[in-house]
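In: here is a sequence together with a model predicted from it:
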Amino acid sequence: EAGVAQSPRYKIIEKRQSVAFWCNPISGHATLYWYQQILGQGPKLLIQFQNNGVVDDSQLPKDRFSAERLKGVDSTLKIQPAKLEDSAVYLCASSLVMGGTGELFFGEGSRLTVL
Amino acid sequence: DAKTTQPNSMESNEEEPVHLPCNHSTISGTDYIHWYRQLPSQGPEYVIHGLTSNVNNRMASLAIAEDRKSSTLILHRATLRDAAVYYCILRASNAGNNRKLIWGLGTSLAVNP
């Protein structure tokens, strides 16, 4: 079974530029999550989708971050304009069910460096 | 928001058992206890989860206190490949509950050969 695919693995940009990350979850997984992980910290949930609807985006900095999952399958996370503090690993995860019985499957992450 | 507390770091010797503790005093009756681990430069990997009873799988065992305010992840025989950061998190069982999952700093486990 294919895992969660993410791209690009690494991205270096200058502040005020824009960047986009792509995620393809495990086939059949209705729930998709984007996390931000700053070096030395645990993952922080940015947004959660159930199919193509947003379940929770309360921690997403909406002035610069946006995410979409138009067809309920793959998803894109965009940052525009980027700030130095956005340097982090952006992790995508998916799960078969939204509740507590479902395990999360993570991709390898996209490491962003903002100069 | 549900929060967990774990020691920052622990050390073990290869082929010895490891007990990783987690405190979750604010757990609600419907929260599942999940454990994940993260190897360097990789995304977190699911280890085990439980609700009330102790659980075993091929990777580890999960011992849950009777009052559910703490749990312990048990690696029966540590190997060098078990060196990772281990996270204990709580997940609401209600699919409609949007309560945020808070990941702490986790426990960084070092395994000595």
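Out: Noted; the coordinates are in hand.
In: count of residues packed around A:Tyr90?
Out: 24 (other CB atoms under 10 Å in any protein chain shown). C-betas here are computed from N, CA, C, even on glycine.
In: I'd like the distance between it and B:Pro113.
Out: From A:Tyr90 over to B:Pro113 the distance is 34 Å, taken as CB to CB, to the nearest Å.
In: show the pLDDT at A:Ile12.
Out: As predicted, A:Ile12 sits at a pLDDT of 98.
In: beta-bridge partners for it, please?
Out: A:Thr113 (DSSP bridges).
In: over to B:Met10?
Out: B:Leu109.
In: what do you get for B:Tyr46?
Out: Following DSSP bridges, B:Tyr46 is listed with bridge partners B:Tyr36.
In: ok, how many other residues are close to the nearest residue to B:Val55 once chain neighbours are set aside?
Out: Spatial nearest neighbour of B:Val55, chain neighbours left out: B:Leu62 (4.5 Å); criterion: CB to CB, 6 or more residues apart in numbering or on different chains. Using other CB under 10 Å, B:Leu62 has 22 neighbouring residues.
In: mind telling me what element B:Leu62 is part of?
Out: strand B:61-64 (DSSP states H and E).
In: quick one: average pLDDT of the next helix or strand after that strand?
Out: Sequence order places strand B:70-75 as the next helix or strand after strand B:61-64, per DSSP H and E. Across strand B:70-75, the average pLDDT comes to 97.
In: so what touches whichever helix or strand comes after strand B:70-75?
Out: The C-terminal neighbour of strand B:70-75 among helices and strands, as given by DSSP H and E, is strand B:84-92. For strand B:84-92, contacts defined as CB atoms under 8 Å, 6 or more residues apart in numbering or on different chains pick out A:42, A:99-100, A:102, B:2, B:4, B:6, B:20, B:22, B:24, B:27-28, B:30-40, B:44, B:47, B:49, B:71, B:73, B:99, B:101-104, B:106-109.
In: same thing with stretch A:107-115?
Out: A:3-15, A:19, A:21, A:23, A:37, A:79, A:82-93, B:41-43.
In: what sits against B:Glu16?
Out: B:Glu16 neighbours (CB under 8 Å, 6+ apart): B:77-78.
In: what parts of chain A come near chain B?
Out: Contact residues (CB under 8 Å from any CB of the partner chain) of chain A with chain B: A:4, A:40-45, A:48, A:55-56, A:58-59, A:91, A:93, A:97-109.
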